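Participant: The following block contains a protein sequence and its predicted model.
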4 protein chains.
Amino acid sequence: MSELDAKVLSDMKQRVWQANLALAKAGLVVLTWGNASEINRELGLIVIKPSGVPYETMTADQMVVTDLAGNLLDQDSLRPSSDLPTHVYLYQHFTEVSGIVHTHSKYAVMWAQSGRNIPPYGTTHADTFYGPIPCTRQLTQSEVEAAYERDTGKVIVECFEKNALDPLAVPGVLTIGHGPFTWGATVSKAVENAVVLDEVAHMALFTELLNNDRPVLPSYMLDKHYFRKHGANAYYGQK
Amino acid sequence: MSELDAKVLSDMKQRVWQANLALAKAGLVVLTWGNASEINRELGLIVIKPSGVPYETMTADQMVVTDLAGNLLDQDSLRPSSDLPTHVYLYQHFTEVSGIVHTHSKYAVMWAQSGRNIPPYGTTHADTFYGPIPCTRQLTQSEVEAAYERDTGKVIVECFEKNALDPLAVPGVLTIGHGPFTWGATVSKAVENAVVLDEVAHMALFTELLNNDRPVLPSYMLDKHYFRKHGANAYYGQK
Amino acid sequence: MSELDAKVLSDMKQRVWQANLALAKAGLVVLTWGNASEINRELGLIVIKPSGVPYETMTADQMVVTDLAGNLLDQDSLRPSSDLPTHVYLYQHFTEVSGIVHTHSKYAVMWAQSGRNIPPYGTTHADTFYGPIPCTRQLTQSEVEAAYERDTGKVIVECFEKNALDPLAVPGVLTIGHGPFTWGATVSKAVENAVVLDEVAHMALFTELLNNDRPVLPSYMLDKHYFRKHGANAYYGQK
Amino acid sequence: MSELDAKVLSDMKQRVWQANLALAKAGLVVLTWGNASEINRELGLIVIKPSGVPYETMTADQMVVTDLAGNLLDQDSLRPSSDLPTHVYLYQHFTEVSGIVHTHSKYAVMWAQSGRNIPPYGTTHADTFYGPIPCTRQLTQSEVEAAYERDTGKVIVECFEKNALDPLAVPGVLTIGHGPFTWGATVSKAVENAVVLDEVAHMALFTELLNNDRPVLPSYMLDKHYFRKHGANAYYGQK
């Protein structure tokens, strides 16, 4: 590996490490229940959190490096997150995505356990997610027994294809009975989307308690808020 | 600008900056979802938070200065909060208001998303809000597409006029499907009212869960608590 | 005042000040919504928090001293908490009580706003409150207009007399539409009871959501847990 | 006691002390409502938290040492946690368990007060608890009056025997109207299981609010997640 590539890889490890710490700091992670990864398609590298390592002692050097198929590049490294095959599958099919996050953040998990999509009840939702946040179908017994983590990726991609969803316009999903995956053009954007998803899940939960008629945001409001922040005509934030 | 006016403006920037930090510290702001502003009608100045700048690195100097119509006074300044036109419209119509705050604080948003006014269930509410905290009507598609942020101000003012509400007696509102705006005679009072609104929204949410009959405070209790803290006969706090 | 009495008074101010800070630290107080007091019946003194003073800058010296009827002993002192007449009335009728706390802690307020007693659903409740935590009746308009704060004390005492409750066995109450008062043999015990009341209110709220049949603790369990901690046969804690 | 045994005991006290502090730090303990213990069957020792001692001032030296029947080994020690007889009974019957924790953590208590088992709604549950988390039957009046704490252990063991549950596969229980006990092969594992139980209780509470049909995890998913982390074929975490 060239000196330049080594520097790129070292920076990836730093970002992935910091993304994992940011998840914990945002209150989205209990114990070791979360992981973040980043891909560099040109160099053929994925960097992901090691499995089951406490956040307090985790270092950037411990981040695990694999090729684009998820094979370890250094046999002396720690074991990667057990969810690595899900990340790999998503990177293969969501080609504009460069960072992925998985957590068991509580409000998102409540929706995932209920098996329901999160409806777009407000602009906080629409600012980041252009439409409902979908919940996948249940994996079959043979899928679970044969290749559970890879097929978790498969049902996510299937869900997006069936519903003709753009992964960057709806940068997250609920896997039924399990929890959220979010992603983005960078790993820090994937972390931000994990924060938004849990907040939106919390707000939607009790919106329904207040109003059984469940008013969804009009589509022109969804458009307004989403495109105020995204695309060529966005005018939120600094240039 | 005279040396004296420059000092006044510098103090405004300090207060607006600190108001924004206070919102974050009170737990009302996730990511960059909030903004605070102050007006000085004599000098013809509005100071408001820049758009999408992280709270950790934000400085008082980055606060954006506009005239009373919302035009930038310094073309090199950062972009103002995208909600500036709402603030401008409110300052034009609520002439006793000198500070405005907008957040996506979660309990207030739940009520805004449910499309309901918050009923005055208790004295915590009555100490600050003299009656229900109203929720605006939905903006029409043409309002949203033509001048969304300005017309957000318009529906707020319309809501207060229709219901003959005094903006200082009911210093806050829910914009439907969106979230709360609060205000006050100073920007720090507007922040305080944002804190109260979210707390009252939380209390009201679960009051309803405990009691379907939803007992509202008797009007003489509303009077007692509101006027214990406001107006000529107030006796709460220090002289 | 003798040197000895001055020392006793100075210690009271310290304890009352620290009790108020403890309420804020326990998360029971938003803004300035809370107050604690202590009585010394021998010296004829009550010490109470000043009204509307921010917790961050409050000092022990600012605590306000009154006689047993609530009259200021030092005309230069700050104004006492506006709830002083409630404290005075309670001290006059609950003669074993030496410390009183009032807050707007959120879960207790939800029950107060719902107008309901908190049923003893579990041992956490029974360890401190020997039976339901009662909610007072609504004050009449003439009570509110004539002597609101004193008559808040009156309806509390009336509620305890009507239900033949021992104030030390049920060391707290909900004032309808308002919030909790708690008390104890010391002001720090009154603070502890405020913490317990809010925690028990939170637990009871969602116990009901989980089970509509609302199982109340059997009376022999209530006895066991209460008397494990209180009275001659208590065996919890150190000797 | 040999020098070596003294070192082993000193290490036990350190671990039990730290386990108690970890419970407080994780937000599972209000006031002094919690206790942790560890057993060393070879040396015939149990170490447990003293009763009612504040966490802020508690030291490792204050941990109380008993024999396997719960008799104090040092008559000058502090009083042990009043729940000691429950711990002793559980150690006698759950022979693979070496650490036990009891708390009044709020979400677990809500389920205990509702008298219901926590159904396995998701993988967060299945990762630690292989099936529903059971709720015990109510103790009878004579059990409560004769040997309350010991018989709390008795109904837990009875519940596990009746339902043919393996205490290490379901490392926790709800005692009806009271709260959770958790355990593990070490006291730090018992603490971790207390954290998981409260988190899972929180998630399950609002999963039911979102979906009345209450979808339970398919058994093949329960198997997958439990055995991904436990037993010979586990592949989560580091070797």
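Facilitator: That came through, no problem.
Participant: Could you state which residue of chain A sits nearest its centroid?
Facilitator: With distances taken as CA atoms, centre = their mean, A:Thr182 lies nearest the centre of chain A, 1.8 Å away.
Participant: Tell me which residue of chain A lies closest to chain C.
Facilitator: Among all residues of chain A, A:Leu209 sits closest to chain C, at 9.7 Å; criterion: CB to the nearest CB. Bear in mind the C-beta positions are built from the backbone N, C-alpha and C, glycine included.
Participant: and that residue, how many neighbours?
Facilitator: Neighbourhood size, A:Leu209 [other CB atoms under 10 Å in any protein chain shown]: 17.
Participant: and if you look at A:Ile46?
Facilitator: 27.
Participant: Model confidence score at the residue nearest to A:Trp17 when sequence neighbours are not counted, please.
Facilitator: Once flanking residues are discounted, A:Trp17 sits nearest to A:Ala60: 4.0 Å by CB to CB, 6 or more residues apart in numbering or on different chains. On pLDDT, A:Ala60 comes in at 97.
Participant: Show me which residues of chain A sit near chain D.
Facilitator: Counting by CB under 8 Å from any CB of the partner chain, the residues of chain A lying close to chain D are A:30-31, A:33, A:50-53, A:78-79, A:82, A:104, A:106-107, A:109-116, A:138-139, A:141, A:144-145, A:148, A:177-179, A:205, A:208-209.
Participant: restrict those to contacts with chain B.
Facilitator: Okay, of those touching chain B (CB under 8 Å from any CB), that's A:Leu209.
Participant: Nearest residue to A:Pro132 in space, please, no chain neighbours.
Facilitator: Spatial nearest neighbour of A:Pro132, chain neighbours left out: A:Asn117 (4.3 Å); criterion: CB to CB, 6+ apart.
Participant: Tell me how many other residues crowd that neighbour.
Facilitator: 17.
Participant: confidence score at the residue of chain A closest to chain C?
Facilitator: pLDDT, A:Leu209: 95.
Participant: Doesn't it lie inside a strand?
Facilitator: No. If the criterion is DSSP: H, G, I helix; E, B strand; the rest coil, then A:Leu209 is helix and not within a strand.
Participant: for chain A, what helix or strand is lowest in average pLDDT?
Facilitator: Between all helices and strands in chain A, the lowest mean by mean pLDDT, DSSP states H and E belongs to helix A:219-229, at a mean of 92.
Participant: Leaving out the residues flanking it, which one is nearest to whichever residue of chain A sits closest to chain D?
Facilitator: Residue nearest to chain D within chain A (CB to the nearest CB): A:Gly52, separated by 3.0 Å. Excluding its sequence neighbours, the residue lying closest to A:Gly52 (CB to CB, 6+ apart) is D:Gly237, at 3.0 Å.
Participant: ok, that neighbour - contacts?
Facilitator: Taking CB atoms under 8 Å, 6 or more residues apart in numbering or on different chains, we find D:Gly237 in contact with A:51-52, A:79, D:229.
Participant: Confirm for me that the residue nearest to A:Trp17 is in contact with A:Met12.
Facilitator: No. With contact defined as CB atoms under 8 Å, A:Ala60 does not count as touching A:Met12 (9.5 Å).
Participant: More neighbours: these two, which one.
Facilitator: A:Met12 (23 against 17).
Participant: Skip the chain neighbours and tell me the closest residue to that one.
Facilitator: Counting by CB to CB, 6+ apart, the residue nearest A:Met12 is A:Val47, at 4.5 Å.
Participant: count of neighbours near the one you found?
Facilitator: Based on other CB under 10 Å, the number of other residues close to A:Val47 is 27.
Participant: contacting residues around it?
Facilitator: For A:Val47, the contact set (CB under 8 Å, 6+ apart) comprises A:9, A:12-13, A:16, A:37-38, A:63-65.
Participant: which residue ranges form the strands in chain A?
Facilitator: All strands of chain A, identified by DSSP state E, fall at A:34-40, A:45-48, A:64-66, A:99-103, A:172-175, A:179-184.
Participant: Next, the residue of chain A found nearest chain B: phi, psi?
Facilitator: Across chain A, no residue is closer to chain B than A:Gly237, which sits at 3.0 Å (CB to the nearest CB). With angles defined as degrees, to the nearest 10, A:Gly237 sits at phi 80, psi -170.
Participant: circling back: touching, the residue nearest to A:Pro132 and A:Thr136? I think so.
Facilitator: No. Using CB under 8 Å, A:Asn117 makes no contact with A:Thr136, being 10.0 Å away.
Participant: shared neighbours, the two?
Facilitator: A:Leu174.
Participant: my read: A:Leu165 touches A:Gly131, true?
Facilitator: Yes. The criterion here is CB under 8 Å, and A:Leu165 meets it with A:Gly131 at 7.3 Å.
Participant: A:Val65 touches A:Ser77, doesn't it?
Facilitator: Yes. With contact defined as CB under 8 Å, A:Val65 counts as touching A:Ser77 (6.7 Å).
Participant: Please spell out which residues along stretch A:18-25 are buried.
Facilitator: A:18-24 (16 or more other CB atoms under 10 Å in any protein chain shown).
Participant: Same check on stretch A:174-187?
Facilitator: So, applying 16+ other CB under 10 Å, buried residues of stretch A:174-187: A:174-184, A:187.
Participant: Show the end-to-end separation of it, please.
Facilitator: Across stretch A:174-187, the terminal residues are separated by 18 Å (CA to CA, to the nearest Å).
Participant: ditto for stretch A:129-147
Facilitator: Stretch A:129-147 end-to-end distance (CA to CA) = 29 Å.
Participant: Could you do stretch A:125-145 as well?
Facilitator: Stretch A:125-145 end-to-end distance (CA to CA) = 35 Å.
Participant: neighbours of the nearest residue to A:Pro120 once chain neighbours are set aside, just the number please.
Facilitator: In this structure, A:Pro120 finds its nearest non-sequential neighbour in A:Leu217, 5.0 Å apart by CB to CB, 6+ apart. If you count neighbours by other CB under 10 Å, A:Leu217 ends up with 23.
Participant: Equivalent analysis for A:Asp67, please.
Facilitator: By other CB under 10 Å, the residues close to A:Asp67 number 13.
Participant: Can you give me the distance of it to D:Asp67?
Facilitator: 58 Å (CB to CB, to the nearest Å).
Participant: Output the below-cut-off pLDDT ranges for chain A.
Facilitator: Across chain A, nothing is flagged by pLDDT under 70.
Participant: For A:Leu139, give me its contacts.
Facilitator: By CB under 8 Å, 6+ apart, A:Leu139 lies in contact with A:148, A:151-152, A:155, D:221.
Participant: my guess is A:Trp170 meets A:Ala126, correct?
Facilitator: For the record, residue A:170 is Val, not Trp. No. Contact status for A:Val170 versus A:Ala126: not in contact, 11.2 Å apart, counting by CB under 8 Å.
Participant: Neighbour count for those two, which is higher?
Facilitator: When A:Val170 and A:Ala126 are compared for neighbours, A:Ala126 comes out ahead with 25 against 18, by other CB under 10 Å.
Participant: Could you verify my assumption that that one touches A:Pro132?
Facilitator: No. Here A:Ala126 does not reach A:Pro132: they are 10.8 Å apart, not a contact under CB under 8 Å.
Participant: Find the residues that touch each one of these two.
Facilitator: A:Pro120.
Participant: buried set for stretch A:21-37?
Facilitator: For stretch A:21-37, using 16+ other CB under 10 Å, the buried residues are A:21-24, A:26, A:28-37.
Participant: mind checking how far A:Ala146 is from A:Leu84?
Facilitator: 16 Å.
Participant: Looking at these two, which is more packed in?
Facilitator: Taking neighbours as other CB under 10 Å, A:Ala146 and A:Leu84 compare with A:Leu84 leading, 22 against 11.
Participant: All set now, cheers.
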